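Visitor: what follows is a protein structure lacking sequence information:
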């Protein structure tokens, strides 16, 4: 993860006590699935500053389940504006394609899988993974 963050990759990883050390507390059972959580560290100044102040944020995607990804704040407002109190925005996003989602649940076995190819091409993700894997041998 150090090799891809901040950036356009979301990693699905196993839940564990490390989440409690981050301060998730009673929300542990409400974030992610029973066994996993997706981590994203966007390359976005305002979000980075917010996380510097608050620590990690446990949030959902900015689109209703099963619908196309929201890549602009106007899309979020039109789809979810009736359910939310506000949108953090400092202008147009430089990301017009959603993040690439990588399943890292079997990374200890030396494998990853691409769940969704997004703004970072799958081939680049695999190159990074192979480079990191070979440096650890």
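Guide: Arrived safely. Since we're looking at a predicted model, the values are computed, not measured. Residues are numbered from 1 along each chain as shown.
Visitor: which residue ranges form the helices in the protein?
Guide: Counting by DSSP state H, one finds helices in the chain at the ranges 17-21, 45-54, 73-80, 122-135.
Visitor: spell out for me which residue occupies the centre of this structure.
Guide: Centroid-nearest residue in the chain, with Cα atoms, centre = their mean: residue 40, separated by 2.5 Å.
Visitor: what's the nearest residue to that one if we skip its chain neighbours?
Guide: Nearest non-adjacent residue to residue 40, counting by Cβ to Cβ, 6 or more residues apart in numbering: residue 10, 4.4 Å away. All C-beta spots, glycine's among them, are computed from the backbone N, C-alpha and C.
Visitor: about what we covered before: surely the residue nearest to the centre of the chain touches residue 7?
Guide: No: counting by Cβ atoms under 8 Å, residue 40 does not reach residue 7; the two are 9.0 Å apart.
Visitor: so what's residue 118 up against?
Guide: 8, 69, 97-101 (Cβ atoms under 8 Å, 6 or more residues apart in numbering).
Visitor: and which of these is nearest to residue 14?
Guide: residue 101 (15.4 Å; Cβ to Cβ).
Visitor: so that closest one sits right up against residue 36, yeah?
Guide: No: contact criterion Cβ under 8 Å: residue 101 and residue 36 do not qualify, at 11.7 Å.
Visitor: for residue 31, grab the count of nearby residues.
Guide: 15 (other Cβ atoms under 10 Å).
Visitor: would you confirm that it contacts residue 23?
Guide: No: when contacts are counted by Cβ under 8 Å, residue 31 is not listed as touching residue 23 (11.8 Å).
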